[in-house]
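Asks: Predicted model, plus sequence, below.
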Amino acid sequence: MAKIELILKDGSVREVESGTSVLAAAQSISRSLAKAALVAKLNGTFVDLMHNLTEGGKIEFFTFEDQEGKDALRHSGSHLLAQAVKHLFSDVKLGIGPAIANGFYYDFDTEHTFTPDDLVKIQTEMEKIVKQNLPIERSDVSRKEAIQVFKELGENYKLELINDLPANAQISMYRQGDFVDLCAGPHVPSTGRLKAIKLQSLAGAYWRGDEKRKMLQRIYGTAFEKKADLDAYLTMLEEAAKRDHRKLGRELDLFSIQEEGPGFPFIHPNGMVIRNELESFWRKLHIEYGYEEIKTPMILHQSLWQQSGHWDHYRENMYFTKIDGEDYAVKPMNCPGGILVYRTQQHSYRDLPLRTCELGQVHRHELSGTLHGLMRVRSFTQDDAHIFMLPSQIKTEIQKVIDLFDTVYRVFGLTYHAELSTRPDDAMGSDEVWETATNALREALEDRKMTYKVNEGDGAFYGPKIDFHLTDSIGRTWQCGTIQLDMLMPEKFDLTYIGEDGQKHRPVMIHRVVYGSLERFMGILIEHYAGAFPVWLAPVQVKILPITDRQAGYAAELAQKMRKEGLRVTVDDRSEKIGYKIREAQLHKVPYMLVVGDKEMESGLVAVRKRGEGDIGAQDVATFTALVKQEIAEKKA
């Protein structure tokens, strides 16, 4: 039997016989690896563990600790779901069923309307199939064979997918017991690996995301390797539901989404306090870091968007209008406007780096089904900044941007990790330019000794980027900050500076956001803090609660004094019992309550109640005010 050589991730070489399965190769390396592995990559291509090796090369194994392993397990979960549904509902036609972030889904066409009770039945059927431990087997077939199989099964949606594949596309199917599906894979070896699986919810979804096509029924689920991890995740989801920013937004009167403006948020007075504090913090920090704030128009001529490349790469997400018979677009991004500001002057190398920043409102057309509170909207404010620099300044400027990001995220108690995204398929520019830009980002991360993940092909069309993924108080991650290095826009807009040699040269450009979207960041903070904002962000920082009407005048005087000290204070002078007033202030998550009775009015003291701690005793007004002002100044969490 011929031998082949496998090069492992650490560079070591393992020799196996040709025809050995990937799983057997893993067993020859270590039993623990074979037990934990879910999928592998051979010479850059994902393969199942049951794939028989006929060629050597680089091989890498992935477990559930890796995203690739999670995706393989969850993708297999979607097939398990489809098989169970086919067992229980004979008229079902299959749509698609991919792995997604934290789970999977499958789309079905059936006359039966699924209910939560159906999910229980389907889950039970899935558990039966898991116990059968059916092998999940791949077969590569011709287009003719695939069409024949799915025509016999009456799976019209699968036939449409096959017909839309390129003529030379490899077609593969996966079979487990009596179930077969069109799929590129990869999958785990058998249904027995899916011991910790849970169906979660129902939704509608247009076939292939097209609003003109039929609405299918979508079932969502998730899968983990261990039941304990599944249980922990479900507990986290319960906590997340309590923190849902849409629910808290209503309860705390922060924002609303109206029927008259789907995807266009209305920010209420309480929400504006938070927004204004975020903007003030942002402005102060950017002054410290050497930025100059600008403002650019919301509507600009079509020719600008053609020059920037957005017309070709982003047009379906843009809004348009006509002015004086000419075509204009509402800006989906701030960068072309920032470039025009740079171009109003001839700059010297001594001017660089030039750092401009903008809180710019942008509009993007999102499908109605994707809209979600403040997290996914059609109108939002990006805290953009554009840095124009010499090529020799790239690494230093990226480091300074990371320093700024670190300062911001630490204030909110948000930890983060970085992901480097490389050249996409629709990229503009040469391989050399992309390689230079990508290496600059990589070196900045490595010089800083930051661990990071590489997302191949996920960069913007004009340059590679570093994304910052924040972890909130209950362990969820949110992508917010981005640093995009751009050597192409300066070329397209003919941006120059005069160098030391007196000649014109091309600057390099950084696009970056720290909040990302101000609205979305507000939504994240609402959920991160569960509505209990730190004092500096709280819409109402102090609520004064007179026990009877006799103290109402004194309470009003106290409030006025504190307002002059810069505190946000309200008085609850309703004719309600003090216990009721305290409970309501607690529901509104007010950081400090000051109870005022006859004794306090006579002594000039206030009885202080602190959110989460209760009664902390009496204090004189000046001492209390000074302590709160210090807490605000320090931005204590």
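Replies: Nice, thanks for sending it over.

Asks: my guess is residue 461 contacts residue 427, does it?
Replies: Yes. The pair residue 461 and residue 427 qualifies as a contact (Cβ atoms under 8 Å) at a distance of 5.6 Å. The C-beta positions use only the backbone N, C-alpha and C, and glycine is treated the same way.

Asks: who's more crowded, those two?
Replies: Shown here are residue 461 and residue 427; by other Cβ atoms under 10 Å, residue 427 has more neighbours (20 against 17).

Asks: Tell me the strands beside the host helix or strand of residue 200, with direction?
Replies: For residue 200, the element it lies in under DSSP states H and E is strand 196-206. Here strand 196-206 has these sheet partners by DSSP bridges: strand 215-224 (antiparallel).

Asks: Going by neighbour count, which residues in the strand it pairs with are buried?
Replies: Residues of strand 215-224 classed as buried under the neighbour-count rule (16 or more other Cβ atoms under 10 Å) are 216-224.

Asks: gap between it and the chain center?
Replies: From the chain centre to the centre of strand 215-224 is a distance of 20 Å (Cα atoms, centre = their mean, to the nearest Å).

Asks: and if you look at stretch 330-350?
Replies: With Cα atoms, centre = their mean as the basis, stretch 330-350 stands 28 Å off its chain's centre.

Asks: for it, how far is the first residue from the last?
Replies: 35 Å (Cα to Cα, to the nearest Å).

Asks: Show the average pLDDT along it.
Replies: Averaged over stretch 330-350, pLDDT sits at 95.

Asks: same thing with stretch 53-72?
Replies: Mean pLDDT, computed over stretch 53-72, is 93.

Asks: just stretch 226-246 next, same as before
Replies: The average pLDDT within stretch 226-246 is 93.

Asks: List the buried residues of the longest helix along the chain.
Replies: Counting residues, the longest helix found in the chain (DSSP state H) is helix 67-88. Judged by neighbour count (16+ other Cβ under 10 Å), helix 67-88 contains these buried residues: 68-87.

Asks: Helices of the stretch 501-637 of the chain, residue ranges please.
Replies: For the stretch 501-637 of the chain, the helices defined by DSSP state H, counting those that start in this stretch occupy 518-528, 552-564, 578-587, 598-603, 621-633.

Asks: where does the third one sit relative to the chain's centre, distance-wise?
Replies: Average the C-alpha atoms of helix 578-587, do the same for its chain, and the two points are 36 Å apart (Cα atoms, centre = their mean).

Asks: The closest residue to residue 529 other than its chain neighbours: what's it in contact with?
Replies: Leaving aside its sequence neighbours, residue 529 sits nearest to residue 473 (Cβ to Cβ, 6 or more residues apart in numbering; 7.4 Å). Residue 473 is in contact with 413, 528-530, counting by Cβ atoms under 8 Å, 6 or more residues apart in numbering.

Asks: Counting neighbours, what do you get for residue 563?
Replies: A count of neighbours around residue 563, defined by other Cβ under 10 Å, yields 13.

Asks: Hmm, it is touching residue 569, no?
Replies: Yes. Counting by Cβ under 8 Å, residue 569 is a contact partner of residue 563 at 5.6 Å.

Asks: Go through stretch 599-617 and flag the buried ones.
Replies: Buried positions in stretch 599-617, judged by neighbour count with 16+ other Cβ under 10 Å: 600-601, 605-609, 611.

Asks: Turn these into JSON lines, including pLDDT and distance to residue 98.
Replies: JSON lines is the format used below for these (pLDDT from 0 to 100; distance: Cβ to Cβ, whole Å):
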{"residue": "600", "pLDDT": "89", "distance to residue 98": "62"}
{"residue": "601", "pLDDT": "88", "distance to residue 98": "66"}
{"residue": "605", "pLDDT": "88", "distance to residue 98": "63"}
{"residue": "606", "pLDDT": "92", "distance to residue 98": "58"}
{"residue": "607", "pLDDT": "93", "distance to residue 98": "58"}
{"residue": "608", "pLDDT": "95", "distance to residue 98": "54"}
{"residue": "609", "pLDDT": "95", "distance to residue 98": "51"}
{"residue": "611", "pLDDT": "95", "distance to residue 98": "43"}
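
Asks: Need the max-distance pair from these.
Replies: 601 and 611 (23.8 Å; Cβ to Cβ).

Asks: Tell me the buried residues in stretch 406-416?
Replies: Neighbour-count burial for stretch 406-416 [16+ other Cβ under 10 Å]: 408-409, 411-412, 414, 416.

Asks: again with stretch 304-315
Replies: 304-305, 307-310, 313-314.

Asks: before we move on, back to that, wait, which of the buried residues of stretch 599-617 is closest to residue 621?
Replies: Taking Cβ to Cβ as the measure, residue 621 lies nearest residue 606 of the buried residues of stretch 599-617, at 6.0 Å.

Asks: these two touch, right, the closest one and residue 599?
Replies: No. Contact criterion Cβ under 8 Å: residue 606 and residue 599 do not qualify, at 10.5 Å.

Asks: For the helix or strand hosting residue 180, name the packing helices and strands.
Replies: Using DSSP H and E, residue 180 sits within strand 179-182. For strand 179-182, the packing partners by 3 or more Cβ pairs under 8 Å, 6 or more residues apart in numbering; DSSP states H and E come out as helix 67-88, helix 143-152, helix 156-164, strand 171-176.

Asks: distance between the last one and the chain's centre?
Replies: Going back to what we said before, that points to strand 171-176. Chain-centre distance of strand 171-176: 32 Å, with Cα atoms, centre = their mean.

Asks: which one is residue 552 nearest to, not counting chain neighbours?
Replies: In space, and not counting its chain neighbours, residue 552 is closest to residue 573: 4.4 Å by Cβ to Cβ, 6+ apart.

Asks: That neighbour and residue 589: what is the separation?
Replies: According to Cβ to Cβ, to the nearest Å, residue 573 stands 20 Å off from residue 589.

Asks: Residue ranges of each domain in the protein, please.
Replies: Split into domains by automatic domain parsing, the chain comes to 3-63, 68-229, 255-292+343-528, 542-633.

Asks: Tabulate the ones you listed (JSON lines), appending distance to residue 336.
Replies: As requested, the domains of the chain are exported to JSON lines (distance: least, Cβ to Cβ, whole Å):
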{"stretch": "domain 3-63", "distance to residue 336": "36"}
{"stretch": "domain 68-229", "distance to residue 336": "28"}
{"stretch": "domain 255-292+343-528", "distance to residue 336": "8"}
{"stretch": "domain 542-633", "distance to residue 336": "38"}
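
Asks: Show me the shaky parts of this protein.
Replies: Under the criterion pLDDT under 70, the flagged ranges of the chain are 1.

Asks: Okay, and the beta partners of residue 509?
Replies: residue 388, residue 486.

Asks: Deepest in the core, which of the helices of the stretch 501-637 of the chain is it.
Replies: Ranked by mean neighbour count, those are led by helix 518-528 with a mean of 24 (mean count of other Cβ atoms under 10 Å).

Asks: elements contacting that one?
Replies: Secondary-structure packing of helix 518-528 (3+ Cβ pairs under 8 Å, 6+ apart): helix 245-251, helix 269-288, strand 379-389, strand 477-486.

Asks: Please tell me how far residue 541 sits from residue 601.
Replies: According to Cβ to Cβ, residue 541 stands 22 Å off from residue 601.

Asks: From residue 229, how far off is the residue nearest to residue 393 when sequence neighbours are not counted?
Replies: Nearest residue to residue 393, sequence neighbours excluded (Cβ to Cβ, 6+ apart): residue 353, at 5.4 Å. Relative to residue 229, residue 353 is positioned 46 Å away (Cβ to Cβ).
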